[in-house]
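Engineer: Sequence plus the predicted model coming up.
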Amino acid sequence: AQTVTQSQPEMSVQEAETVTLSCTYDTSENNYYLFWYKQPPSRQMILVIRQEAYKQQNATENRFSVNFQKAAKSFSLKISDSQLGDTAMYFCAFMINNNDMRFGAGTRLTVKP
Amino acid sequence: NAGVTQTPKFRILKIGQSMTLQCAQDMNHNYMYWYRQDPGMGLKLIYYSVGAGITDKGEVPNGYNVSRSTTEDFPLRLELAAPSQTSVYFCASSYGAGSQPQHFGDGTRLSIL
């Protein structure tokens, strides 16, 4: 089964602090891509960061970075220096066969002032 | 730059009615996708297309049909609306497959009563 599990339905963090969102996945494929998407209350889906499974180096994008552990099938997202605008739902996803995208159920992150 | 445009934004249907959700992109992307997002859940892939004239099923295609006669447009058709199809529908497009980022529309909220 191709599944994504986000075990933290809700999280909160103080402004300027660091928070890590967890994600594990299950696939028998060897080649796939991993993503984190952000969905603010506006409902728009915004790509935060992506990682190719064949790359060992963890992806970073400004304040966002991932910890990709392929053997453990884990793909966590770290947000540094949290800002109020980071408040949103965060979805972990992976893509197999170049087009089949599977999403987790999401983590609702609240950044508190 | 309009990006991905979905119409309508909201719609209420009666059981058994039919309707077409419109999706258009102006980025000359070959790849287009339809997802549904049920309350409190992540997105699930309904159908996708890798180019004009080519469509394929995703994870949850039952009850839906698509067509892709042009690069720009990718309409989603519900033939006999059922309450289980109450959801928010997102259309997305990408330049290529795999790690290429998907650009999402703002979604269509559909309620079937």
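Structural biologist: Perfect, I can see it now. Residues are numbered from 1 along each chain as shown, chains lettered A, B, ... in the order given.

Engineer: so what's the nearest residue to B:Ser99 once chain neighbours are set aside up against?
Structural biologist: In space, not counting the residues next to it along the chain, B:Ser99 is nearest to A:Tyr33; the distance is 4.5 Å by C-beta to C-beta, 6 or more residues apart in numbering or on different chains. Every C-beta, even on glycine, is put in place using the N, C-alpha and C of the backbone. Going by C-beta atoms under 8 Å, 6 or more residues apart in numbering or on different chains, A:Tyr33 touches A:50-53, A:94-95, B:98-99.

Engineer: May I have the strands that pair with the host helix or strand of A:Tyr33, each with its orientation?
Structural biologist: Following DSSP states H and E, the helix or strand that holds A:Tyr33 is strand A:32-39. If you go by DSSP bridges, strand A:32-39 pairs up with strand A:46-52 (antiparallel), strand A:88-96 (antiparallel).

Engineer: what comes up buried for the last one?
Structural biologist: By neighbour count on 16 or more other C-beta atoms under 10 Å in any protein chain shown, the buried set for strand A:88-96 is A:88-96.

Engineer: and A:Glu17, how many residues sit next to it?
Structural biologist: Using other C-beta atoms under 10 Å in any protein chain shown as the criterion, A:Glu17 is surrounded by 12 other residues.

Engineer: just checking, it is part of a strand?
Structural biologist: No: applying DSSP: H, G, I helix; E, B strand; the rest coil, one finds A:Glu17 to be coil, outside a strand.

Engineer: check contacts around whichever residue of chain B sits closest to chain A.
Structural biologist: Evaluated by C-beta to the nearest C-beta, chain B has B:Gly42 as its residue closest to chain A, separated by 3.1 Å. Taking C-beta under 8 Å, 6+ apart as the criterion, B:Gly42 is in contact with A:4, A:91, A:93, A:103-106.

Engineer: Bridged to the residue nearest to it when sequence neighbours are not counted, which residues?
Structural biologist: In this structure, B:Gly42 finds its nearest non-sequential neighbour in A:Phe103, 3.1 Å apart by C-beta to C-beta, 6+ apart. In this structure, A:Phe103 bridges to A:Ala93 when assessed by DSSP bridges.
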